[in-house]
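# Give me the fold of what follows.
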Amino acid sequence: MKNVIRLTLVFGVLAAGFASAQTSIICRVTPGTNPAQIATKYGLTLQDSTSGAPFALYAATDERTLGNLKHDPSIVWLEDDCDVVSPEDESKGKPTKGGGLPAVGSRSTLQTINKNLLRQINWNKTLSLSSGRTVKLAILDTGLAPKQTTLWAKVDASMNAVEPDQPAYDIPQGTDSNGNGIVDEAVGHGTMIAGIVDQVAPQVHLVVARVADSDGSATGWRVIKGLAFAVTSGAEVANVSLGTLLEVPALSDVIDWCTENNLLVVAPIGNNGQSAACYPAKFGDVICVGGLDAVNRKAWFSNWHTSCAISAPAIGFASQFWDGSLAVWSGTSFASPVVAAAVADGLRHGNPTNVSNLKDAVIANRTSILRLPPRYLGRLGGLIDYTKLVNSFSAGPGPK
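Numbering: from 1, shown residues only. Down below sits the predicted model:
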């Protein structure tokens with residue numbers, strides 16, 4: 001059983017203590033346990049729970065109650081909720097409207113604009129449009145803009161963990177959750193990621209989970225709820241372009257649970273420009289994605305670390321934006337969906353398989369990155385090779 005963990009993250013600060021402020025506690029309960037009955041038993045407020053998954057969020061102010069809860073046999077572990085953010089909030093790069101971009105662009109328009117980036121990953125249009133089984137890819141982010149109707153047509157399921165019972169819309173909210181005086185810094189983030197997935201893997205279906213607000217801030221609980229929603233919605237791959245440099249122990253257990261349920265999580269290494277990897281990307285069962293420039297050098301903002309299995313272009317992606325137009329953004333957040341989409345497209349040509357097989361396939365079919373300085377060797381993995389990876393699922397031996 002895990003102890004209560006109190007974390008102060010790089011991107012946010014928790015309440016100072018239980019005695020002075022109410023805090024939110026994430027719990028994993030044993031199979032068959034009703035979270036509402038636990039709340040009644042200990043006089044807690046059940047703030048949220050996950051349908052079909054063994055996780056719950058409680059409000060608590062009393063250390064003694066938490067001590068009793070920790071020793072209850074119905075509780076597997078419990079710990080504080082915490083903050084997780086979009087890596088782009090830590091970079092200098094912000095979205096820009098491309099001067100020559102049309103106000104509304106089709107997928108083919110975007111593929112033309114991004115032709116060099118797609119060539120860099122050895123993308124094949126014919127292969128991306130070939131027939132295959134239905135595969136769902138979950139996007140845990142700021143949601144999807146209501147004006148991007150062609151992307152919504154591909155969505156099989158959606159949820160909003162930020163504003164419960166509201167549509168999972170990626171729109172400005174006037175939010176400054178990091179207190180830096182700038183509102184809505186991440187609005188459009190999730191929409192751009194969905195657009196990148198659509199460009200790389202046009203036939204893949206989407207599951208949209210709004211777990212981050214328009215300023216790019218999420219909590220551990222929202223990410224957990226999004227991952228549970230991805231599993232229960234039948235997704236086989238999840239892109240989580242969020243992170244923190246400090247480990248979130250609860251998230252580690254939930255990643256294990258996702259692995260048990262054959263959901264592969266793909267996440268960016270982070271934009272701190274240092275030898276480090278953000279969580280959840282650093283967890284062993286997650287595919288950690290680094291960022292490259294147009295000539296396969298490390299992107300200036302990308303982290304590097306031995307946990308990085310694969311890298312992808314991270315500079316200057318054009319994609320759909322929240323207001324119905326197109327925009328250009330850079331960051332490891334946008335390298336991650338390139339990899340997630342390639343894996344999902346490979347799965348369309350093969351049978352469902354486990355996370356270990358998927359990671360092995362990504363590593364076995366990557367391309368070596370040449371001309372890397374010694375300090376980055378073995379710390380950016382290899383370059384994603386779309387065609388090699390997708391073909392490996394149908395040509396054998398490949399994952400089956």
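
# Just want the most central residue of the protein.
In the chain, the C-alpha nearest the mean C-alpha coordinate belongs to Val240, at 0.3 Å (CA atoms, centre = their mean).

# give the contact list for Ile269.
For Ile269, the contacting residues are 277-278, 281, 288-291, 302-305, 307-308, 332, taking CB atoms under 8 Å, 6 or more residues apart in numbering as the criterion. Any C-beta I mention is one placed from the backbone N, CA and C, and that applies to glycine too.

# List the ones among those residues that fall in strands.
Among the contacts of Ile269, the residues falling in strands (DSSP state E) are Cys288, Val289, Gly290, Gly291, Cys308.

# Looking at those residues, which two lie furthest apart in space?
By the measure CB to CB, Cys288 and Gly291 form the most distant pair in the ones in strands among the contacts of Ile269, at 11.2 Å.

# so what pLDDT did Ser217 get?
If you check Ser217, the pLDDT there is 91.

# how far off strand 287-292 does the helix ranked longest in the chain point, in degrees?
Scanning the chain for the longest helix, with DSSP state H as the assignment, gives helix 332-348. Using axes from the mean of the first three to the mean of the last three CA atoms, to 10 degrees, one finds that helix 332-348 and strand 287-292 are set 130 degrees apart in direction.

# Please name every helix or strand in contact with the next helix or strand after helix 332-348.
Sequence order places helix 355-364 as the next helix or strand after helix 332-348, per DSSP states H and E. Using 3 or more CB pairs under 8 Å, 6 or more residues apart in numbering; DSSP states H and E as the contact definition, the elements that helix 355-364 packs against are strand 264-268, strand 287-292, strand 308-313, helix 332-348, helix 386-395.

# try 6 Å this time
Helix 355-364 is packed against no helix or strand, with contacts defined by 3 or more CB pairs under 6 Å, 6 or more residues apart in numbering; DSSP states H and E.

# What residues of it count as buried?
Of the residues in helix 355-364, those buried by neighbour count under the rule 16 or more other CB atoms under 10 Å are Val355, Asn357, Leu358, Lys359, Ala361, Val362.

# same deal with stretch 175-184?
Here stretch 175-184 shows Thr175, Asp176, Ser177, Asn178, Asp184 as buried, counting by 16+ other CB under 10 Å.

# Name the residues of the helix or strand Lys41 falls within that are buried.
The secondary structure element spanning Lys41 is helix 35-42 (assigned by DSSP H and E). For helix 35-42, the neighbour count (16+ other CB under 10 Å) marks Pro35, Ile38, Ala39, Tyr42 as buried.

# okay if I get the residues you listed as CSV plus distance to Val29 and pLDDT?
Output for these, formatted as CSV (distance: CB to CB, whole Å; pLDDT from 0 to 100):
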residue, distance to Val29, pLDDT
Pro35, 6, 95
Ile38, 7, 93
Ala39, 11, 92
Tyr42, 13, 90
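
# between those residues, which is closest to Gly190?
Taking CB to CB as the measure, Pro35 is the one of these closest to Gly190, at 27.9 Å.

# Could you measure from that closest one over to Asp165?
Counting by CB to CB, to the nearest Å, the separation of Pro35 from Asp165 is 18 Å.

# Equivalent analysis for Tyr42, please.
Counting by CB to CB, the gap from Tyr42 to Asp165 is 26 Å.

# Out of the helices and strands in this structure, which is least certain?
strand 83-85 (a mean of 74; mean pLDDT, DSSP states H and E).

# now for whatever helix or strand comes next after it, which elements pack on it?
Moving toward the C-terminus from strand 83-85, the next helix or strand (DSSP H and E) is helix 107-113. Contacts defined by 3+ CB pairs under 6 Å, 6+ apart place helix 107-113 against helix 189-200.

# So what's the gap between the helix it packs on and the chain middle?
Between the mean C-alpha location of helix 189-200 and the chain-wide mean there is a distance of 12 Å, by CA atoms, centre = their mean, to the nearest Å.

# for stretch 135-143, same thing?
For stretch 135-143 - counting by CA atoms, centre = their mean - the centre lies 8 Å from the chain centre.

# Once you drop chain neighbours, what's closest to Gly132?
If the residues on either side of it in the chain are set aside, Gly132 comes closest to Arg348, at 3.2 Å by CB to CB, 6 or more residues apart in numbering.

# Let me know the distance separating that neighbour from Pro337.
Look at Arg348 and Pro337: by CB to CB, they are 16 Å apart.

# of those two, who's got more company?
Using other CB atoms under 10 Å as the criterion, Arg348 and Pro337 rank with Pro337 on top: 32 against 22.

# Leu117 against Ala312, yeah?
No. The pair Leu117 / Ala312 is not scored as a contact, 8.8 Å apart, by CB atoms under 6 Å.

# More neighbours: those two, which one.
Legend: neighbour count by other CB under 10 Å for Leu117 and Ala312, higher for Ala312 (30 against 24).

# Could you report the pLDDT at the more buried one?
On pLDDT, Ala312 comes in at 98.

# Same question for the one 4 residues further on.
Taken from the predicted model, the pLDDT recorded for Gly316 is 92.

# Any idea how many residues pack against it?
A count of neighbours around Gly316, defined by other CB under 10 Å, yields 18.

# One more: Ser131?
Ser131 is surrounded by 7 other residues when neighbours are defined as other CB under 10 Å.

# Next, find the distance separating it from Gln203.
Between Ser131 and Gln203 the distance is 8 Å, computed by CB to CB.

# repeat for Val135
Between Val135 and Gln203 the distance is 8 Å, computed by CB to CB.

# go on, Ser392?
18 Å.

# Those two: which is more packed in?
Between Ser392 and Gln203, counted using other CB under 10 Å, Ser392 has the larger neighbour count: 21 against 17.

# show me where pLDDT drops low in the protein?
Along the chain, segments meeting pLDDT under 70 span 1-22, 61, 86-105, 395-400.

# Got the domain ranges for it?
Per automatic domain parsing, the structural domains of the chain span 23-81, 87-395.

# for Asn354, phi and psi?
Reported as degrees, to the nearest 10, the phi and psi values for Asn354 are phi -90, psi 170.

# helix, strand or coil for the closest residue to it other than its chain neighbours?
Leaving aside its chain neighbours, Asn354 sits nearest to Asn262 (5.6 Å; criterion: CB to CB, 6+ apart). Under the three-state scheme (DSSP: H, G, I helix; E, B strand; the rest coil), the conformation of Asn262 reads as coil.
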